[in-house]
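>>> only geometry, no sequence info:
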């Protein structure tokens, strides 16, 4: 389970990078981050995180960054709840 712990330990940095992309309006970066998170969360069995990251990815693919931003907020809340992260923001 060391890889799972490593994934969970990296989540705050991933969420921080997502925040930076959102606040900077860097949609290509946000899409890469969401796409990567979708794959890694899925491989570690975090289905809720995977589903939300997939929605962010799909919203950006559809040219709907406003929707992606709203989904990112849900992604943050869900990830904190699922992993038990304290809100560092």
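That came through fine. What you see is a predicted model, and the numbers here were worked out from it, not measured in a lab.

>>> burial measure for residue 81, as a count.
Number of residues near residue 81 (other C-beta atoms under 10 Å) recorded here: 10. Every residue, glycine included, has its C-beta placed from N, CA and C.

>>> now for the helix or strand hosting residue 79, which elements pack on it?
Under the criterion of DSSP states H and E, residue 79 resides in helix 65-83. Under the contact criterion of 3 or more C-beta pairs under 8 Å, 6 or more residues apart in numbering; DSSP states H and E, helix 65-83 touches helix 2-24, helix 27-43, helix 47-61.

>>> quick one: buried residues of that helix?
Using 16 or more other C-beta atoms under 10 Å as the test for burial, helix 65-83 gives 65, 68, 69, 71, 72, 75, 76, 78, 79, 80, 83.

>>> quick check: the fourth one touching residue 60?
No. At 9.5 Å, residue 71 does not count as touching residue 60 under the criterion of C-beta atoms under 8 Å.

>>> just to revisit the earlier point, residues in contact with the helix holding residue 79: which ones?
8, 11, 15, 18-19, 22, 25, 27, 30, 34, 46, 48-49, 52-53, 55-56, 59-60, 85-87 (C-beta atoms under 8 Å, 6 or more residues apart in numbering).

>>> got the angle for it vs helix 27-43?
Helix 65-83 and helix 27-43 are oriented at 30 degrees to each other (axes from the mean of the first three to the mean of the last three C-alpha atoms, to 10 degrees).

>>> what about residue 54, distance to residue 2?
Residue 54 sits 26 Å away from residue 2, going by C-beta to C-beta, to the nearest Å.

>>> neighbour count for those two, which is higher?
Ranked by neighbour count (other C-beta under 10 Å), residue 54 and residue 2 place residue 54 first, with 18 against 6.

>>> from memory that one sits against residue 37, does it?
No. The pair residue 54 / residue 37 is not scored as a contact, 9.2 Å apart, by C-beta under 8 Å.

>>> contacting residues for the nearest residue to residue 30 once chain neighbours are set aside?
Counting by C-beta to C-beta, 6 or more residues apart in numbering, residue 21 is the residue found nearest to residue 30 once chain neighbours are left out, at 3.9 Å. The contact partners of residue 21, taken as C-beta under 8 Å, 6+ apart, are 27, 29, 30, 33.
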